[in-house]
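# Here's my sequence, what's the structure:
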Amino acid sequence: MSTMRTDDDTWDITTSVGTTAVMVAAARAIETDRPDPLIRDPYAKILVTNAGTGVWEMMLDDSVVAKVESIDPDSAAVFHHMRNYQAVRTRFFDAYFADAMTAGIRQAVILASGLDSRAYRLAWPTGTTVFEIDQPKVLAYKSETLAAHGATPTVDRREVPVDLRQDWPTALRSQGFEAATATAWLAEGLLMYLPADAQDRLFEQITELSAPGSRIAVETAARHADDRRQEMRERFKRVADELGIEQTVDVQQLIYHDQHRALVADWLNEHGWRARACNSADEMRRLDRWVDGVPMGDDKDAFAEFVVAERL
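Below is the predicted model of the structure:
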């Protein structure tokens, strides 16, 4: 199994970074089926079931989760944490878009949108345009799969099929994006897949494209110690072997673990934005979704922050 990143790598929904979008959609599907869901995504299960990735589809099977608990309770705790985290994260950024629309913003850009279904499931104000940027094959899979199930967007949804390492601002403008108009940006589930210098460049480009009053919401890259990452990798491999599940993707190999990555809130505050940060662990506890026993649970720096900022 080799999933190491390169500067010019590409993917579809079954390979490399693309498979992580299936993982996130699976978590949304599970949350939707709960009796007390934080979010509702009627399209998530459709997108996961048709993905053909296997390993992430198992998240939808409660019997598999029960087996994980019997094999390794600590791995099961991480499993439940991941599910709950995705629900809390989705809820936070759903609320961000609702606030931005209430403030009068009618242009949104979802960076590395993956299997994000907000353009289909949220109630957008009339006259809103949502741009989705991602790899061409990822966008095609989502739109074609949902169309085959009779789903239509609730907003003017425009695909921008381009890699964020390429000239995405030009591609975005070509689809009708107006830089002079206030924009609501979202970078969710993205920064961990970018090197530190690419993260800086991304925010420089966003800043150049953002009129005063624009907003941005960001999920930061969590900071994990190398020894703890290796421990978790070995633990999950043992569980997968016990269950007879072939691991075709090692998520840890997809992530850039840059120790000198800029703190997002600080960077934004220093570059013409007014930012505030919320620790994801605090948000999980606030919503009663924290999972006791999760590794590094006492280290807040090991968990991502949710950052929201406004362009001055």
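# for the record, mean pLDDT for the helix or strand where residue 31 lies?
Assigning secondary structure by DSSP states H and E places residue 31 in helix 18-32. Mean per-residue pLDDT for helix 18-32: 85.
# Please shift the residue numbers so they start at 14 in all later answers.
Happy to do that; since the first residue is 14 now, the last one works out to helix 31-45.
# which residues touch residue 194?
Taking Cβ atoms under 8 Å, 6 or more residues apart in numbering, we find residue 194 in contact with 119, 120, 224. The way it works is simple: take the backbone N, C-alpha and C, and place the C-beta from them, glycine included.
# what about it, which SS state?
The three-state assignment at residue 194 reads coil, by DSSP: H, G, I helix; E, B strand; the rest coil.
# measure it to residue 157 for me?
30 Å (Cβ to Cβ, to the nearest Å).
# if we can go back for a sec, in the contacts of residue 194, which residue is surrounded by the most others?
Using other Cβ atoms under 10 Å as the neighbour criterion, residue 120 leads the contacts of residue 194 with 22 neighbours.
# Would you pull up how far stretch 211-231 lies from the middle of the chain?
17 Å (Cα atoms, centre = their mean, to the nearest Å).
# swap in stretch 306-319?
Stretch 306-319 sits 17 Å away from the centroid of its parent chain (Cα atoms, centre = their mean).
# Stretch 32-49 now?
Chain-centre distance of stretch 32-49: 12 Å, with Cα atoms, centre = their mean.
# swap in stretch 39-50?
16 Å.
# distance between the ends of it?
Distance between the two ends of stretch 39-50: 14 Å, counting by Cα to Cα, to the nearest Å.
# Send me stretch 299-306 as PDB with only the CA atoms.
Extracted in PDB, the C-alpha atoms of stretch 299-306 (Å, rounded to 0.1, in the frame of the first residue of the first chain):
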ATOM      1  CA  ARG A 299     -20.500  21.900  24.400                       C
ATOM      2  CA  LEU A 300     -22.700  19.800  22.200                       C
ATOM      3  CA  ASP A 301     -22.300  16.700  24.500                       C
ATOM      4  CA  ARG A 302     -20.500  14.800  21.700                       C
ATOM      5  CA  TRP A 303     -17.100  14.400  23.400                       C
ATOM      6  CA  VAL A 304     -15.800  10.800  23.600                       C
ATOM      7  CA  ASP A 305     -14.000   9.800  26.700                       C
ATOM      8  CA  GLY A 306     -10.900   7.700  26.200                       C
END
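# So which bits of it are buried?
For stretch 299-306, the neighbour count (16 or more other Cβ atoms under 10 Å) marks 302, 303, 304 as buried.
# Backbone torsions only: list them for the second one.
What that stands for is residue 303. The phi/psi pair for residue 303 (degrees, to the nearest 10) reads phi -70, psi 140.
# How about it: what's its closest non-neighbour residue?
residue 297 (4.6 Å; Cβ to Cβ, 6 or more residues apart in numbering).
# as a whole number, average confidence for the helix or strand where the one you found lies?
Using DSSP H and E, the element containing residue 297 is helix 293-299. Averaging pLDDT along helix 293-299 gives 96.
# what separates residue 289 from residue 115, distance-wise?
18 Å.
# And those two? Which one has more around it.
Higher neighbour count among residue 289 and residue 115: residue 289, with 13 against 9, using other Cβ under 10 Å.
# is it true that the more buried one touches residue 322?
Yes - counting by Cβ atoms under 8 Å, residue 289 does reach residue 322; the two are 7.4 Å apart.
# Overlap in contacts, those two.
residue 278.
# Nearest to residue 125 among the buried residues of stretch 299-306?
Residue 125 has its nearest neighbour among the buried residues of stretch 299-306 in residue 302, at 24.3 Å by Cβ to Cβ.
# Return the distance of the closest one relative to residue 133.
Distance, residue 302 to residue 133, by Cβ to Cβ: 24 Å.
# Enumerate every residue touching residue 198.
By Cβ under 8 Å, 6+ apart, the residues touching residue 198 are 121, 122, 124, 219, 223, 227, 228, 229, 230.
# Please repeat the previous calculation with a cut-off of 10 Å.
109, 113, 120-124, 144, 216, 219-220, 222-223, 227-231, 322, 324 (Cβ atoms under 10 Å, 6 or more residues apart in numbering).
# Keep only those of these that are in strands.
Of those, the ones assigned to strands by DSSP state E are 120, 121, 122, 123, 124, 144, 228, 229, 230, 231, 322, 324.
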